[in-house]
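Visitor: how would this look folded up:
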Amino acid sequence: MTANTVELIPHDGYWLVRLTENGCQYERDFRFEEHALAWADGQYKRLLETGSTDRNFGTTFSKNPDGFLGG
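Guide: As a prediction, this is how the structure comes out:
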């Protein structure tokens with residue numbers, strides 16, 4: 001079973017939150033770190049109710065596909 005995770009990743013002046021839940025990945029970008037942290041923390045708390053969760057803030061950098069940010 002894949003662990004559920006929440007990652008906060010700085011990227012080109014934005015903050016990306018990557019959520020892995022039941023093997024599926026979702027990504028959401030934020031202009032402000034505080035907003036990203038708040039959303040990531042809420043997702044982390046929600047995932048705690050569903051089982052195993054790892055929180056990985058600021059230790060992983062991953063380049064996004066071109067065009068993901070800026071919407």
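Visitor: which residues in the protein form helices?
Guide: 33-48 (DSSP state H).
Visitor: which residues of it score low on pLDDT?
Guide: Residue ranges of the chain with pLDDT under 70: 1-2, 51-71.
Visitor: please redo it, this time with the cut-off set to 90
Guide: Confidence mapping of the chain against pLDDT under 90 gives the ranges 1-6, 11, 20-23, 43-71.
Visitor: can you pull out the strands in this structure?
Guide: Here the chain has its strands, by DSSP state E, at 4-11, 14-21, 24-30, 53-57.
Visitor: burial measure for the residue nearest to Gln25 when sequence neighbours are not counted, as a count.
Guide: Among residues not flanking Gln25 along the chain, Arg18 sits closest, at 6.3 Å (C-beta to C-beta, 6 or more residues apart in numbering). Any C-beta I mention is one placed from the backbone N, CA and C, and that applies to glycine too. Neighbour count for Arg18, taken as other C-beta atoms under 10 Å: 18.
Visitor: Could you do Asn4 as well?
Guide: 22.
Visitor: That one touches Thr20, doesn't it?
Guide: Yes: if you go by C-beta atoms under 8 Å, Asn4 and Thr20 touch, sitting 6.1 Å apart.
Visitor: Adding distance to Ala36, write the strands of the chain out as CSV.
Guide: Below are the strands of the chain laid out as CSV (distance: least, C-beta to C-beta, whole Å):
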stretch, distance to Ala36
strand 4-11, 6
strand 14-21, 4
strand 24-30, 4
strand 53-57, 10
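Visitor: Which stretch among these approaches Trp39 most closely?
Guide: The minimum distance between Trp39 and those falls on strand 14-21, with 5.8 Å, by C-beta to C-beta.
Visitor: Parallel or antiparallel, list what pairs with the closest one.
Guide: Note on strand 14-21: by DSSP bridges, its sheet partners are strand 4-11 (antiparallel), strand 24-30 (antiparallel).
Visitor: In the first one, which residues are buried?
Guide: I take that to be strand 4-11. Asn4, Thr5, Val6, Glu7, Leu8, Ile9 (16 or more other C-beta atoms under 10 Å).
Visitor: so the fifth one sits right up against Trp15, yeah?
Guide: Yes: when contacts are counted by C-beta under 8 Å, Leu8 is listed as touching Trp15 (6.3 Å).
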